[in-house]
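J.: Structure for this input, please:
(one chain, ligands or ions: 1)
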Amino acid sequence: MNKKPKIHILATGGTIAGAGETSVGAVYEPGKMNINDILKLIPAINEIADISGEQFINIGSQDITATLWLKLARHIRKYLASDEVDGIVITHGTDTIEETAYFLNLIIPFSKPVVLTGSMRPTTAYSTDGPANLFNAILVASSKNSIGKGVLVTANEKIFNAHGVSKIATTHIDAFADCSYGPVGYVNGADVEFQRSVKKIHTVKSVFAKTLPKSLPEVVILYSYAGINTMLFDACIKAQVNGIVFAGTGNGNVPKPFLSKVKKAREKNIHIVRASRMLRGEVVTGELSDEKLGTIASGALIPQKAKILLQLALTITNDLLQIREIFKYY
Ligand code: DGL
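T.: From the prediction side, this is the model:
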């Protein structure tokens, strides 16, 4: 008889650990339930895998920080280095699950599955999606098909890769998408099926996975809009941030008053990534030339992920051409 895979669950909080005043009301508090209480709701999972659960932290994911990311990464690396663990599931708030997933995707040096999941309804709600998402996340982490796929996010029977997934709805159950390329796979009953693999570099092949940085450089995101003035951009230059991700309009377009500010930022060795407010498509050379501006095109990375990649890039290089290469392949 095949041995069951050993899956370790690291719980971080969020709505999946949420408890409401009633099973029908919308009012609830995230991070109120312990992972072992949630696991009791899905006893059938014990036929699939040998599970161990650990309440790593218990917070709303809007409160996650780079310090907690680095602590979580150290914890995961320790478990994955052991033959006692075949895969990791992380329960997480959905607000920033895409950011934590992408950060881990770049710094976990193992091909064993790491799968994040969360829920849009508290587990005490009659309409909760939490237990099913957790069951499916453990299925995905237990599947040999998931090995080498990079860090994954699963919800509503869809499987996403960390590079492309984003939360696109404030409260609806079906809140996740990869707007550019779609899911990489699906959970159908107890079957975990992948339709495509991802070319972007991740996990074992990531240059960032060799050694964990002690901290992450300061990179901010500025969101463009009609009539935006340069006040915040000027403040970032004055504050000598290490990098700015400019979430521009359309194909990463930057309003004319900013072009001289970009030049000034570059003179102060502040790197600028041209990203976009758009949810779909790649930022490429078009109305603006990154060559001329001294900026970096974000490609298909949404601003909050471009920020993570620039932070990690700056931990190993300050060279513009090297950072552009990194954005091409990660
Ligand atoms: N406070 C939000 C978070 O922890 C709740 C959203 C959720 O988990 O669905 O991300």
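
J.: count of neighbours near the single nearest residue of the stretch 151-300 of the chain relative to the ligand?
T.: Scanning the stretch 151-300 of the chain for the residue nearest the ligand gives Ala175, at 7.6 Å (criterion: CB to the nearest ligand atom). No exception for glycine: its C-beta is placed from N, CA and C like everyone else's. Other residues near Ala175 come to 19 when the count uses other CB atoms under 10 Å.

J.: Is it correct that it is in contact with Phe160?
T.: No - applying CB atoms under 8 Å as the test, Ala175 and Phe160 come out as separate, 11.6 Å apart.

J.: Quick one: neighbours of Ile64, just the number.
T.: 23.

J.: before we move on, the earlier item: contacting residues around the residue of the stretch 151-300 of the chain closest to the ligand?
T.: Thr94, Met120, Ala155, Lys167, Ile168, Ala169 (CB atoms under 8 Å, 6 or more residues apart in numbering).

J.: try it again with 6 Å
T.: By CB atoms under 6 Å, 6 or more residues apart in numbering, the contact list for Ala175 reads Met120, Lys167, Ala169.

J.: partner residues bridging the second one?
T.: On the basis of DSSP bridges, Lys167 is bridged to Phe176.

J.: wait, isn't it in contact with Thr94?
T.: Yes - at 5.4 Å, Lys167 counts as touching Thr94 under the criterion of CB atoms under 6 Å.

J.: and these two? which has more neighbours close in?
T.: Neighbours per residue, other CB under 10 Å: of Lys167 and Thr94, the larger number sits with Thr94, 23 against 20.

J.: Roughly how far does that one sit from Leu212?
T.: Using CB to CB, to the nearest Å, Thr94 is found at 25 Å from Leu212.

J.: list the contacts for Pro113?
T.: Contacts of Pro113 by CB under 6 Å, 6+ apart are Gly87, Ala141, Ser146.

J.: For burial, what's the neighbour tally of Asn133?
T.: 24.

J.: Would you verify that Phe160 is located in a strand?
T.: Yes - under DSSP: H, G, I helix; E, B strand; the rest coil, Phe160 sits within a strand.
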